[in-house]
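K.L.:
The following block contains a protein sequence and its predicted model.
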Amino acid sequence: MAARTALRRALRPVRNAVTHPAQQVHFTRPFSTTVPSLAASSSPSSATPEYAIPDPSRPTHFGFQTVTEGEKRERVAGVFTSVAESYDRMNDLMSFGWHRVWKDHFVASLNPGFSPLTSDGDPRGPQHILDVAGGTGDIAFRMLHTAHVLNGNPSVRVTMSDINRAMLTVGKQRSAQLPASQRAALSFVEANAEDLSRTRPLHPYPSPSEPTTHDSQTQKPEQAFFDPATATGSIPDSSVDLYTVAFGIRNFSNIPAALREARRVLKPGGVFACLEFSKADKHPLFNSLYKEWSFRAIPLIGQLVAADRDSYQYLVESIERFPSQTEFRDMIVDAGFVVAGEGYEDLTGGVAAIHKGMKPRD
Ligand SMILES: C[S@@+](CC[C@H](N)C(=O)[O-])C[C@H]1O[C@@H](n2cnc3c(N)ncnc32)[C@H](O)[C@@H]1O
């Protein structure tokens, strides 16, 4: 293990060389599958490092507690099953509506549906977007609106995936408000981001007030989170143009495994884009006010509005535990993506950040 760590440290300057300005991929332009080939692309070794293989018995964090990866998966499932019905209302209350601004900016920066570098000169080609940990649909719906309405490209389709059926079911109910053409371009898939080779279409989940249903195949009571034993499909290698994950990745039990899967499913030239809470510590006064708000107010609001203090306590602890902007950028590079410049963009002083990486063309 020590030898592997030393090797990774020794390789880091070489990998970071791909972020040299001369080789930068400029993400101010939209994502595209037709970006030029990078001569000095970083290519991870073909062998998957041990830490990127999910192991249910390996220690990890659930907020400030140390648990196993398997326990974290179950407890995170419990949190999101519990908050699914109040999730959208709570997001507005907790962030004073800022999450909408961040999500709008995230989607605008990716400009789905517009790809200026296509060989035939037509910037509107078919694109497949995979929104992982899609929850109740905020990113997927914005992607469809931008692609279909703003960019006039109806050939963009979005797959919304999540490990939690309760969240995805709320998302599906919300999608009824979309125009029919956008609904037709949207699909729902149950999947664990750490293993996208095992998925299944969304099985509707009862709301907490409804009786528990039974799985028609196993006759066991339906659980709120995806059981890979019931998988019927897979997200194939090199099938996705844009992979998005918003406020989801800090909840994963094994983030390197999810990054490895992101790289597998993306086409060469495809883009990984992540919106996540981050560190606001470049601004100490603002940071201490923000932390006071997070740790004092958010669990209390959770208790008063959603009658669920514990879930919101976990949410603020999970934000605190998530790696810094540069640490997470290094994890993205380690997973074999190339990044532009610093590799991230701070939002609201670093309260949230957008990270992007491109899967190199071989
Ligand atoms: C805070 S919500 C974000 C939802 C949505 N992306 C948004 O921005 O509003 C986090 C989501 O991550 C999902 N999630 C947690 N662990 C996951 C995993 N291993 N694989 C896929 N989704 C996961 C949860 O079920 C939940 O829906």
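P.N.:
That came in fine, so what should we check first? Numbering: from 1, shown residues only.
K.L.:
Can you give me the neighbour number for Pro59?
P.N.:
As a burial measure, Pro59 scores 11 neighbours (other C-beta atoms under 10 Å). Bear in mind the C-beta positions are built from the backbone N, C-alpha and C, glycine included.
K.L.:
So what sits opposite it in the bridge?
P.N.:
Per DSSP bridges, the residues bridged to Pro59 are Thr68.
K.L.:
Next one: it from the ligand, what distance?
P.N.:
Applying C-beta to the nearest ligand atom, to the nearest Å, the value for Pro59 to the ligand is 17 Å.
K.L.:
Please verify my assumption that that residue contacts Thr66.
P.N.:
Yes. Between Pro59 and Thr66 there is a contact at 5.5 Å, judged by C-beta atoms under 8 Å.
K.L.:
Name the nearest residue to the residue in the chain positioned nearest to the ligand, ignoring sequence neighbours.
P.N.:
Proximity of the chain to the ligand (C-beta to the nearest ligand atom) peaks at Gly135, 2.5 Å away. Using C-beta to C-beta, 6 or more residues apart in numbering and skipping residues adjacent in sequence, the residue nearest Gly135 is Met167, 4.6 Å away.
K.L.:
wait, what's in contact with that neighbour?
P.N.:
The contact partners of Met167, taken as C-beta atoms under 8 Å, 6 or more residues apart in numbering, are 80-81, 84, 87, 135-136.
K.L.:
What's the ChimeraX syntax to select whichever of these are buried?
P.N.:
Command for ChimeraX that selects the buried part of the contacts of Met167, burial taken from 16 or more other C-beta atoms under 10 Å:
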select :80,81,84,87,135,136
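K.L.:
Show me which pair in the contacts of Met167 is furthest apart.
P.N.:
Across these, the longest distance by C-beta to C-beta is 12.8 Å; it joins Thr81 and Thr136.
K.L.:
those helices in the stretch 151-300 of the chain, which residues are they?
P.N.:
Listed in chain order, the helices of the stretch 151-300 of the chain (DSSP state H, counting those that start in this stretch) span residues 165-174, 180-184, 255-265, 284-292, 298-306.
K.L.:
How about residues contacting the second one?
P.N.:
The reference is to helix 180-184. The contact list for helix 180-184 (C-beta under 8 Å, 6+ apart) reads 141, 144-145, 148, 154, 175-176.
K.L.:
Which one (most neighbours) among those residues?
P.N.:
Most surrounded of the contacts of helix 180-184: other C-beta under 10 Å gives Leu144, at 28 neighbours.
K.L.:
Below-threshold pLDDT in the stretch 51-200 of the chain: ranges please.
P.N.:
The stretch 51-200 of the chain contains residues with pLDDT under 70 at 117-121.
K.L.:
and the stretch 251-362 of the chain, which of its residues are near the ligand?
P.N.:
Neighbours of the ligand within the stretch 251-362 of the chain, by C-beta under 6 Å from any ligand atom: 251-252.
K.L.:
hmm, 8 Å instead?
P.N.:
Within the stretch 251-362 of the chain, the positions near the ligand by C-beta under 8 Å from any ligand atom are 251-253, 258, 275, 315.
K.L.:
And those, which of them are buried?
P.N.:
The neighbour-count test (16+ other C-beta under 10 Å) applied to those identifies 251-253, 258, 275, 315 as buried.
K.L.:
Using a markdown table, lay out those residues together with pLDDT and distance to Pro112.
P.N.:
As requested, these are arranged in a markdown table below (pLDDT from 0 to 100; distance: C-beta to C-beta, whole Å):
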| residue | pLDDT | distance to Pro112 |
| --- | --- | --- |
| Asn251 | 96 | 24 |
| Phe252 | 97 | 23 |
| Ser253 | 96 | 29 |
| Ala258 | 98 | 21 |
| Leu275 | 98 | 14 |
| Leu315 | 92 | 28 |
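K.L.:
JSON lines for those, including distance to Ile235?
P.N.:
Putting those into JSON lines (distance: C-beta to C-beta, whole Å) gives the following:
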{"residue": "Asn251", "distance to Ile235": "19"}
{"residue": "Phe252", "distance to Ile235": "16"}
{"residue": "Ser253", "distance to Ile235": "19"}
{"residue": "Ala258", "distance to Ile235": "12"}
{"residue": "Leu275", "distance to Ile235": "20"}
{"residue": "Leu315", "distance to Ile235": "27"}
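K.L.:
now for the residues you listed, which pair is the farthest apart?
P.N.:
Spatial extent of these (C-beta to C-beta) is set by the pair Ser253 and Leu275 at 19.9 Å.
K.L.:
and Glu320, how many neighbours does it have?
P.N.:
15.
K.L.:
dump the residue contacts of Lys356.
P.N.:
For Lys356, the contact set (C-beta under 8 Å, 6+ apart) comprises 27, 271-274, 339-340, 343-344.
K.L.:
Nearest to the middle of the chain, which residue? Look it up for me.
P.N.:
Of all residues in the chain, the one closest to the mean position by C-alpha atoms, centre = their mean is Val245, 1.8 Å from it.
K.L.:
Which pLDDT does the model give it?
P.N.:
The model reports Val245 with a pLDDT of 98.
K.L.:
and it, what is it in contact with?
P.N.:
Residues in contact with Val245, defined by C-beta under 8 Å, 6+ apart, are 131-133, 193, 258, 262, 273-276.
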